[in-house]
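J.: Give me the fold of what follows.
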Amino acid sequence: MKQRQRGITFLGMITFGVILAFVGIMGAQVFPTYTEYMTIQKAVNKAAAGTTVAEVRSIFDKAANIDYIGSISAKDLEVTKQGDKVVVSFEYQREFHLAGPAFLVMKYKGTSR
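T.: Numbers count the residues shown, from 1 in each chain. Below is the predicted model:
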């Protein structure tokens with residue numbers, strides 16, 4: 001009796017390796033932007049403690065200098081009031097080149113709590 005061989009072919013293994021490498025490279029590019037987004041969100045929440053627009057931007061600039069935030073600056077913040085509470089919101093995007101004319105665009109948006 002012949003037993004059927006089981007397992008993965010060489011071509012299947014190469015294909016799986018290429019896909020895994022692509023996902024790993026993309027993850028290595030996207031993960032730092034997500035951690036930066038979380039840092040920006042933390043700085044915006046701190047900045048919302050300010051009472052004036054200038055004070056909010058000053059607080060955010062100080063936090064941005066400490067945490068090395070480079071994707072957004074204090075002038076990019078939108079400061080509004082809802083009732084007696086200061087609300088700070090932001091929006092920005094990051095692009096990653098994939099291949100040829102293809103890009104991955106990550107859009108980040110947030111507001112203070």
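J.: So in this protein, which strand runs the longest?
T.: For the chain, the strand with the greatest residue count under DSSP state E is strand 85-99.
J.: So in that sheet, which strands flank that one, and in what orientation?
T.: strand 78-82 (antiparallel), strand 102-111 (antiparallel) (DSSP bridges).
J.: And those: which comes nearest Arg94?
T.: strand 102-111 (4.7 Å; CB to CB). C-beta here means a position set from N, CA and C on the backbone, and glycine is covered the same way.
J.: State the distance from the most centrally placed residue in the chain to Met106.
T.: When CA atoms, centre = their mean is applied to the chain, the residue found nearest the centroid is Tyr34 (2.9 Å). Separation of Tyr34 from Met106 (CB to CB, to the nearest Å): 8 Å.
J.: Specify the helix with the largest residue count in the protein.
T.: Identified as the longest helix of the chain according to DSSP state H is helix 10-47.
J.: what sits up against the following helix or strand past it?
T.: Using DSSP states H and E, the helix or strand that directly follows helix 10-47 along the chain is helix 53-67. Contacting residues not belonging to helix 53-67 are listed as 39, 42-44, 46-50, 69, 72-75, 77, 79, 86, 88 [CB atoms under 8 Å, 6 or more residues apart in numbering].
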